[in-house]
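[1] Show me how the following folds:
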Amino acid sequence: MLPTLRQMQYLKLLSEHGSFSRAAEACYVTQPTLSAGIQELEKILGAPVVDRARSGVILTAAGQEAVRRATAILAQTEDLVQAARGAGQPLAGRFRLGVIPTVAPYLLPRALPMLRDQFPKLRLFLREDLTQRLIASLKAGSLDAALIALPYDMSGLDWAHVEDDELLAAAPANHPMALQDRVDPSSLDGQDLILLEDGHCLRDHALSACGLEPPKTNGEDESFAATSLPTLVQMIGSGLGVSFLPAMAVQAGLAENAPVTVRPLNTAQSSREIVVAWRAGSSRAPEGRLLAETLRAA
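    Predicted structure coming up:
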C-alpha cells in the first residue's frame, strides 16, 4: 500500500499546527478521523511519524522526512489539478501571486486593470510579504508565482524578467545633494544612512549597488530603520538621514508630498531586477512567463 494524498495532507497540517485538534480543524475533519489517518500512515511507512506529548506534537526523524516529501508531492498534485483546469486557457481560474512590499503598491495599480482586461477569467489572489517568506511559500506549493527583486538566492526556482528598477539617492530637501545632477555613492559614506528593516531585500540591493556597509551601532546609539517605503520617505524628509528609493516608487508619486531631494546615482550597477518567479518544474511556468510579459507591458 501507498500513502494517500489525504494522509499526506493530514501530516503536513499536523506539522504546521503542532496539534491534532488544530490540524483537524484546518482540514475540516474530526480529531479522531485525523488521528486514524496518521496511524494508518505510520503503518504504511513502518515507522512512527509523530511523538505525542502533553506539550504538543513533535515530528520524529521519519516524520520530518515524510513531511518534506509530502509537501513536494502535494504541490505537484496541485499543479496537476490547476494545469488540467486551465488547459488551453492560460491565466484562467485561481492564480496565487506573492508580491514584495516594495513593488506591490507601485506596479500593481498599473498592472491589475490590464490583467482584468486581457484575462477576464483570471481569479488572482494576492499576498504581500517579504522575499524570504514568499520563496518558502512557493517551494511549499502555497503560491503559484511571486513578484520579487533580484539578486537573491533562486535555487529551486525559475523566473522571467519584468523590468530593471533603478535605485535613486534620497536626502532632505536642503541637503547638498540637491545641487548635484548625479550622486557618487562614495559621497554618502559616513553620513547618517537610513534603510528598511532587515528582511527587506531592497536594503541589501541598495548597499550592494553602492558598495556601502550597513549602519553600525555604537554603545547606546542605534541606527534608524524603516518598516516601509512611505515611512522611510518621512524619516528622510524629517532630516534623520539619507537613503535610497526605487525609481518605480518615485515615479508612482512616493516622494511628491515630502521635503525630499531625489537624484540618480553615478554608477552603472544601481538597479534591481524585478522578476516573476515560480518553482522549477512547475506546470504553471507558461503562465508565469505570460504574467511577466503582461507586467512588462504595464
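
[2] Can you show me the strands along the protein?
    Ranges of strands within the chain are 50-53, 56-59, 93-99, 122-128, 145-150, 157-172, 195-196, 225-226, 243-246, 260-264, 271-279, based on DSSP state E.

[3] how about the helices in the stretch 51-200 of the chain?
    For the stretch 51-200 of the chain, the helices defined by DSSP state H, counting those that start in this stretch cover 61-85, 104-118, 131-140.

[4] could those helices be laid out in JSON lines, adding mean pLDDT, mean neighbour count and distance to residue 42?
    Every C-beta, even on glycine, is put in place using the N, C-alpha and C of the backbone. Formatted as JSON lines, the helices of the stretch 51-200 of the chain follow (pLDDT from 0 to 100; neighbours: other CB atoms under 10 Å; distance: least, CB to CB, whole Å):
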{"stretch": "helix 61-85", "mean pLDDT": "85", "mean neighbour count": "16", "distance to residue 42": "9"}
{"stretch": "helix 104-118", "mean pLDDT": "93", "mean neighbour count": "15", "distance to residue 42": "43"}
{"stretch": "helix 131-140", "mean pLDDT": "92", "mean neighbour count": "18", "distance to residue 42": "23"}
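
[5] Make a markdown table from those and add distance to residue 283 to it.
    Shown next, in a markdown table, are the helices of the stretch 51-200 of the chain (distance: least, CB to CB, whole Å):
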| stretch | distance to residue 283 |
| --- | --- |
| helix 61-85 | 4 |
| helix 104-118 | 20 |
| helix 131-140 | 14 |
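
[6] and of those helices, who's closest to residue 174?
    helix 104-118 (26.5 Å; CB to CB).

[7] Which of the strands of the chain has the lowest mean pLDDT?
    Mean pLDDT values for these show the minimum at strand 225-226, a mean of 80.

[8] Please name every helix or strand in contact with that one.
    For strand 225-226, the elements it packs on are strand 195-196, judged by 3 or more CB pairs under 8 Å, 6 or more residues apart in numbering; DSSP states H and E.

[9] How about residues contacting the strand it packs on?
    Here strand 195-196 makes contact (CB atoms under 8 Å, 6 or more residues apart in numbering) with 102, 202-203, 206-207, 214-215, 225-229, 232, 243-244.

[10] Mark which of those residues are buried, thanks.
    102, 202-203, 206-207, 215, 225-226, 229, 232, 243-244 (16 or more other CB atoms under 10 Å).

[11] okay, among the residues you listed, which ones form the most distant pair?
    102 and 215 (18.7 Å).

[12] hang on, the earlier thing: now the strands of the chain in JSON lines, with distance to residue 106?
    Output for the strands of the chain, formatted as JSON lines (distance: least, CB to CB, whole Å):
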{"stretch": "strand 50-53", "distance to residue 106": "45"}
{"stretch": "strand 56-59", "distance to residue 106": "41"}
{"stretch": "strand 93-99", "distance to residue 106": "10"}
{"stretch": "strand 122-128", "distance to residue 106": "12"}
{"stretch": "strand 145-150", "distance to residue 106": "11"}
{"stretch": "strand 157-172", "distance to residue 106": "9"}
{"stretch": "strand 195-196", "distance to residue 106": "14"}
{"stretch": "strand 225-226", "distance to residue 106": "16"}
{"stretch": "strand 243-246", "distance to residue 106": "8"}
{"stretch": "strand 260-264", "distance to residue 106": "14"}
{"stretch": "strand 271-279", "distance to residue 106": "10"}
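
[13] Quick check: which of the ones you listed is nearest to residue 73?
    The minimum distance between residue 73 and these falls on strand 271-279, with 12.9 Å, by CB to CB.
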